[in-house]
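Q: Kindly return the folded structure for what I paste below:
(chains A, B and C)
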Amino acid sequence: MKRFLDLADFSREEIIDLLALARRLEQHPEPRALAGKILGLVFFNPSLRTLASFQVGMTKLGGSSFVITPGQGTWQLESRVGAIMNGAAAEHVREGLPVLASYADALGIRAFAEGKDLRHDLAETNFKAMASVVDKPLINLESAVNHPCQALADWKTLDDIGMPQRAKFVLSWANHPRVTPIAVPAATVHMAAQRGMEVVVLRPEGYALPPEIMDKARAAAAASGGSVRETQDRADALTGAHVLYAKEWGSTTHYGDSAGDAALRANLTDWCVREDWFGPAAPDCKFMHCLPVRRNVAVADEVLDGPRSIVLREAHNRLTAQMAVLHRLLA
Amino acid sequence: MKRFLDLADFSREEIIDLLALARRLEQHPEPRALAGKILGLVFFNPSLRTLASFQVGMTKLGGSSFVITPGQGTWQLESRVGAIMNGAAAEHVREGLPVLASYADALGIRAFAEGKDLRHDLAETNFKAMASVVDKPLINLESAVNHPCQALADWKTLDDIGMPQRAKFVLSWANHPRVTPIAVPAATVHMAAQRGMEVVVLRPEGYALPPEIMDKARAAAAASGGSVRETQDRADALTGAHVLYAKEWGSTTHYGDSAGDAALRANLTDWCVREDWFGPAAPDCKFMHCLPVRRNVAVADEVLDGPRSIVLREAHNRLTAQMAVLHRLLA
Amino acid sequence: MKRFLDLADFSREEIIDLLALARRLEQHPEPRALAGKILGLVFFNPSLRTLASFQVGMTKLGGSSFVITPGQGTWQLESRVGAIMNGAAAEHVREGLPVLASYADALGIRAFAEGKDLRHDLAETNFKAMASVVDKPLINLESAVNHPCQALADWKTLDDIGMPQRAKFVLSWANHPRVTPIAVPAATVHMAAQRGMEVVVLRPEGYALPPEIMDKARAAAAASGGSVRETQDRADALTGAHVLYAKEWGSTTHYGDSAGDAALRANLTDWCVREDWFGPAAPDCKFMHCLPVRRNVAVADEVLDGPRSIVLREAHNRLTAQMAVLHRLLA
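A: I've put the predicted structure just below:
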């Protein structure tokens, strides 16, 4: 394995294998496996879990890491090819990233969507430009439309709790005070499809995931024996559901138009997940969320603090799943 | 020891024991004592000594650490229970802290007073809410009205220089351009009382420490054979003093009212500790301050650069004292 | 070696020796050489290469490091002696730096020029005040008019590519949207002179380096058998050149006057290094720059992406050269 950028780059069997390694490292720690290895972490956007868990993961495997935060301690970095750099950015990623890669054994990069042009973001234009100048193992710490580390951790979480392969997995849109990216929903729908689940995307009008994302998930489902469909009907989606995975994301019909998006979501305040959503679901239906979560806007306290919630287990699996990725890339 | 949140949680003998461990680790380093152990450090407020010394302490004991700074590299964290999170904070401490704790073997948290409501701050409402969701060993890196790591370092400093148990210890208010918390004076008066000293709190009108703080210190003095009193009379306080510990803090009669506080302190510019303050003191009276200190506002250069000052020793003992805490919590 | 503050503090032979150590550590890593040693890194200004490479260098030698960024996570630090500290800075370097030094085995400090008073900056008033209160090994991570780590890395880069001692080395001014310090050009002209090269400083009117800088370089050239001259004539400078080292810096005739400087440089947009600059140069003339670089303002894409550019090698040598410095200071 040279890069960990997208679960879709791996077969279902390869992912299962990677998760077996994660489990092996949980049971049989290898505190010297990455002795002398260095991971460079570059955060163009804020982070809590990713920032902490990658540092801890390297430490637990005997390696180490450093963190670079452009715009904070380090100047801003330009990523547009051919830019005339007379603005705020003092350095181009074409220098900055190869330099950091030359100090490290692997790099991780987080760079969210620009959120202006859906085509541009779906094409991962920015992340691909950065990846193209890095000649070391590379990890996607969340890009415009992907978050493979979260997806891998979520897959492991489903395995940990014994969730059957064919269980019904509902990815539901949830409200949020601002526009947020489609990286996690895109990665989640693909992960559940690739795992072979019965996937239903529940979202209000204006929040359909782009056809490219849905088609990619359907292709994964076709290969794994799962299925993917979408609906606006909450009762339909949740009937018999085994997992409700909530996530906030921006309107795809008003992409790059935050005022238009805000007008849409102003009428969607009931898209805050409450316990009564689970009425038609399977009795032990689990609740998942990648975090961070806006309490009582996206999800009610009663759900997050209740017995269905496995959000802390998901977050802990960021560490255990990523340690397998690091081991595979660097050991 | 599961938590290090307040010197008052420990008997005088337990503190003496902890300081003996600190001294043992100075003389006989244990560079592998915490091998594989990870400390998560969460700073809601700025830091220099705490930030550096905890990282160094873990390293010197063979462990490691990571730093999370909400609002800087990580989003802001909400701590109010039941909050409807449609503001600046993207995540609640009820998720954020358990997640970080799940990656670490212990957490340290710094969260200053809100400085609006004295009751709220005296109750440590905010810190207690955070502590309640952390199931790993926890260290108070300075809360609304406590700073046990500073107090422990100061106790060790007094021991290091052979200051007798019954010596006269004057905690004096000092001026500052802005309102600052009462965490350090509260911790200091308690520490000196618990050590068994003759404690005098010297402060102008409007700056009396709250009765809860004074009563807690008096209880500690009763157990240790020390005493605690307060005065506005500088000559009275300093006569025969063996230690002058200066600290800036906000008015308790104008708590949460920065304009009222500013009006009060505008007339208190002579509360900048100068060499002539030491006239009535014991000849070798020492000068202490927790740092950071505003030179020539709170304390004159002549004092900080003079032979009485042991502020650098105090700061160095942040490291040596905390290493004992880390060893006790994690070894 | 107790301090690494200026290449001029060392003889040519001592630098050659240090670079031999750098090469030895590249070929024969010493992953335990600095076991237990801790480097404190204090950044008053942003950094990418220095920030990452010193952390990595310590790790690769078995040691560790911590980072302090005044004004970000830590409060601002005052450095003026005798200051009445009623402004933004909460702590003076006279406390802050000795405290950090007491936790560490060595300190590195970055503090750029104030850019107001050329005399003040040339005298390194600020850096010297800080260095005077640090009693541990100290590394200059870039001061007002010096950047010895960059100079050492550049010297190594010239050696790595087999550049003859007597080759023609052109340091050329390049344009930039804002005023930038003279630290790198000052360090570079001295390095090339000390290495024994034929040094030509090419710069437009208003951008001559101060006589003190040029005289210091000439003294180094006299000792090494090299030479130093300056010109505004690009063809003259580049004829037969073996190295073109580009760097942006502020006007010395309009020092501290950003409007005057901006008016000057508005007419100097052709001082963006393009491939046609190399017409009169030696055929295999190399291109150097310390980075960060403003693409298509200071240097055109065609040069940075072309075969002459050795800027990434320079940046990588920050790590290899600094590891020798750390080894010499701490092993």
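
Q: phi, psi of the residue of chain A found nearest chain C?
A: Closest to chain C within chain A is A:E91: 3.3 Å, counting by Cβ to the nearest Cβ. No exception for glycine: its C-beta is placed from N, CA and C like everyone else's. For A:E91, the backbone dihedrals (degrees, to the nearest 10) come out as phi -140, psi 150.

Q: Isn't it up against C:C290?
A: No. Taking contacts as Cβ atoms under 8 Å, A:E91 lies outside contact range of C:C290: 11.2 Å.

Q: could you dump stretch A:38-55 to PDB, C-alpha only?
A: Only the C-alpha atoms of stretch A:38-55 are listed here, as PDB (Å, rounded to 0.1, in the frame of the first residue of the first chain):
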ATOM      1  CA  ILE A  38       8.100  10.100  10.900                       C
ATOM      2  CA  LEU A  39       4.600  11.200   9.800                       C
ATOM      3  CA  GLY A  40       4.100  14.800   8.700                       C
ATOM      4  CA  LEU A  41       0.500  16.000   9.200                       C
ATOM      5  CA  VAL A  42      -0.600  19.000   7.200                       C
ATOM      6  CA  PHE A  43      -3.900  20.600   8.300                       C
ATOM      7  CA  PHE A  44      -5.400  23.200   6.000                       C
ATOM      8  CA  ASN A  45      -8.600  22.900   8.200                       C
ATOM      9  CA  PRO A  46      -9.300  22.400  11.800                       C
ATOM     10  CA  SER A  47      -9.300  19.000  13.400                       C
ATOM     11  CA  LEU A  48      -9.700  17.300  16.800                       C
ATOM     12  CA  ARG A  49      -9.900  13.500  16.300                       C
ATOM     13  CA  THR A  50      -7.600  13.400  13.300                       C
ATOM     14  CA  LEU A  51      -5.000  15.700  14.900                       C
ATOM     15  CA  ALA A  52      -4.900  13.700  18.100                       C
ATOM     16  CA  SER A  53      -5.400  10.200  16.800                       C
ATOM     17  CA  PHE A  54      -2.700  10.300  14.200                       C
ATOM     18  CA  GLN A  55      -0.100  11.600  16.600                       C
END
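
Q: picking that back up, need the per-residue pLDDT for the residue of chain A closest to chain C.
A: Here the pLDDT value assigned to A:E91 is 98.

Q: What is the neighbour count of it?
A: Neighbours of A:E91 under the rule other Cβ atoms under 10 Å in any protein chain shown: 24.

Q: list the contacts for it?
A: The neighbours of A:E91, taking Cβ atoms under 8 Å, 6 or more residues apart in numbering or on different chains as the test, are A:W75, A:Q76, A:L77, A:E78, C:L48, C:L291, C:P292, C:V293.

Q: ok, for it, nearest residue in space, not its chain neighbours?
A: C:P292 (3.3 Å; Cβ to Cβ, 6 or more residues apart in numbering or on different chains).

Q: which ones are touching the one you found?
A: By Cβ under 8 Å, 6+ apart, the contact list for C:P292 reads A:W75, A:A90, A:E91, A:E95, A:G96, C:L48.

Q: Which two among the residues you listed are spaced furthest apart?
A: Using Cβ to Cβ, the contacts of C:P292 span at most 11.6 Å, a distance reached by A:W75 and A:E95.

Q: A:V179 touches A:T252, doesn't it?
A: No. Judged on Cβ under 8 Å, A:V179 makes no contact with A:T252 at a distance of 10.8 Å.

Q: what's A:S172 in contact with, if anything?
A: Contacts for A:S172 (Cβ under 8 Å, 6+ apart) come out as A:V201, A:L202, A:R203, A:R234, A:A237, A:L244, A:Y245, A:A246, A:K247, A:W271, A:V273.

Q: Tell me which other helices or strands the helix or strand harbouring A:V56 touches.
A: Taking DSSP states H and E as the definition, A:V56 sits inside helix A:49-60. Counting by 3 or more Cβ pairs under 8 Å, 6 or more residues apart in numbering or on different chains; DSSP states H and E, the packing neighbours recorded for helix A:49-60 are strand A:38-43, strand A:64-68, strand A:106-110, helix A:311-330, strand B:38-43, strand B:64-68, helix B:93-103.

Q: how about these, which one is nearest A:A20?
A: Distance to A:A20, taken as Cβ to Cβ, is lowest for helix A:311-330 among those, at 8.3 Å.

Q: Can you read off the pLDDT for the residue nearest to the spatial centre of chain A?
A: Chain A has A:H147 as the residue nearest its centroid, 2.8 Å off, counting by Cα atoms, centre = their mean. A:H147 carries a pLDDT value of 98.

Q: Backbone dihedrals for it, both of them.
A: Main-chain dihedrals, A:H147, degrees, to the nearest 10: phi -160, psi 70.

Q: That one and A:F4: what is the separation?
A: According to Cβ to Cβ, to the nearest Å, A:H147 stands 11 Å off from A:F4.

Q: who touches both of the two?
A: Common neighbours of A:H147 and A:F4 (Cβ under 8 Å, 6+ apart) are A:N140.

Q: picking up where we left off before, so which of the contacts of A:S172 comes closest to C:F127?
A: Nearest to C:F127 among the contacts of A:S172: A:K247, at 50.3 Å, using Cβ to Cβ.

Q: what about the helices in the stretch 201-331 of chain A?
A: For the stretch 201-331 of chain A, the helices defined by DSSP state H, counting those that start in this stretch cover A:211-224, A:234-238, A:258-266, A:301-304, A:311-330.

Q: Pick the most buried one from those helices.
A: Of these, the one with the most neighbours on average (mean count of other Cβ atoms under 10 Å in any protein chain shown) is helix A:311-330, at a mean of 23.

Q: What is that helix packed up against?
A: Against helix A:311-330 (3+ Cβ pairs under 8 Å, 6+ apart) you get strand A:3-4, helix A:12-27, helix A:49-60, strand A:106-110, strand A:138-140, helix A:148-160, strand A:286-288, helix B:93-103.

Q: would a markdown table of these with mean neighbour count be doable?
A: Formatted as a markdown table, the helices and strands packed on helix A:311-330 follow (neighbours: other Cβ atoms under 10 Å in any protein chain shown):
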| stretch | mean neighbour count |
| --- | --- |
| strand A:3-4 | 20 |
| helix A:12-27 | 16 |
| helix A:49-60 | 25 |
| strand A:106-110 | 25 |
| strand A:138-140 | 22 |
| helix A:148-160 | 25 |
| strand A:286-288 | 23 |
| helix B:93-103 | 24 |
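
Q: Among the ones you listed, which comes closest to B:R32?
A: Proximity to B:R32 (Cβ to Cβ) singles out helix A:49-60 among the helices and strands packed on helix A:311-330, at 14.8 Å.

Q: Relative to A:L158, how far out is A:W75?
A: To A:L158, A:W75 is 41 Å away according to Cβ to Cβ.
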